[in-house]
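Visitor: Sequence and predicted structure are below.
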Amino acid sequence: MSLQLRLFGSGQTAASKLSTANDGNHAIDKSKVLAQTDAGVITPNTPGNFSSIRSVPVVPDPRYFDREQADKLKELAKEKTDGARQSKRAYKALTKIEAADKTVHKEHRKYEGAVAENELGKKRADTGLAKKLHGLRPGYARLGLGIDKADSDARTRIDEIKAKLTGGVN
C-alpha cells in the first residue's frame, strides 16, 4: 500500500485508488472539451446551411413595370430598408451579447485553471508534509526506545533497591 493511501486513505481500495489517482492518468474527454456550446453554433463540423434572405424573386429578364407595381415595390423597399436598419441594430446587439458571453466563458475557464493549479500546489504541499513526517519517524522511534529503556532501567534499579531492602523477598 502506498504512503499516500495509508496517510489519506478513502473509500476506494488501495489498488483502484493507486491506479486512478496517482499514476498520471486523466479523465479529460476530448469530445467534451471540443463539444459545441449549443447545437446551432457554427463550427467547421457544423458550418450552418448558408441560407440567405430574398424578399422578392429575381427578375430573370428585362421587363416593364406599371405604376401600381412600382408603387408597391417602392413601399416594400421602404419597409425592407427600415427592417434592414432594425436588423442591423439587432445583429449588432446580438454580437455584443456573444462577445460578453465569450468574456464570461474565458474568465470562468481562467478561474477553473487557477483552481486546478492551486489544487495541485496544495497536493504538493500535502505530499511534502507527508514526506517530512515520514522523515521524522526514526527520530520518534529513537525517542520512544529511549523512554522504554529509561523505564526498563528504572524498574531494574527499583527492583534492585527493593531486593536490598527486603532481603530478596518480594
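Guide: Right, received. Where do you want to start?
Visitor: Which strands or helices does the helix or strand where residue 149 lies pack on?
Guide: Counting by DSSP states H and E, the element that carries residue 149 is helix 67-166. Using 3 or more CB pairs under 8 Å, 6 or more residues apart in numbering; DSSP states H and E as the contact definition, the elements that helix 67-166 packs against are helix 3-8. C-beta here means a position set from N, CA and C on the backbone, and glycine is covered the same way.
Visitor: Closest to the mean position in this protein, which residue would that be?
Guide: When CA atoms, centre = their mean is applied to the chain, the residue found nearest the centroid is residue 112 (5.1 Å).
Visitor: for this structure, which spans come out with low pLDDT?
Guide: Within the chain, the ranges that satisfy pLDDT under 70 run 1-22, 168-170.
Visitor: how about 80 then?
Guide: Scanning the chain for pLDDT under 80 picks out the ranges 1-23, 168-170.
Visitor: And for residue 162, the neighbour number?
Guide: Here the number of neighbours of residue 162 (other CB atoms under 10 Å) works out to 13.
Visitor: I'd like the distance from it to residue 148, if you could.
Guide: Residue 162 is 21 Å from residue 148, where distance means CB to CB, to the nearest Å.
Visitor: Ok, residue 95 next?
Guide: Using CB to CB, residue 95 is found at 78 Å from residue 148.
Visitor: How about residue 65?
Guide: Residue 65 sits 114 Å away from residue 148, going by CB to CB.
Visitor: Repeat that for residue 31.
Guide: If you measure residue 31 against residue 148 using CB to CB, the figure is 61 Å.
Visitor: what does residue 53 give?
Guide: To residue 148, residue 53 is 92 Å away according to CB to CB.
Visitor: and what of residue 52?
Guide: Look at residue 52 and residue 148: by CB to CB, they are 91 Å apart.
Visitor: In terms of neighbours, single out the busier of the two.
Guide: Residue environment comparison for residue 52 versus residue 148 gives the larger neighbour count to residue 148, 10 against 5, counting by other CB under 10 Å.
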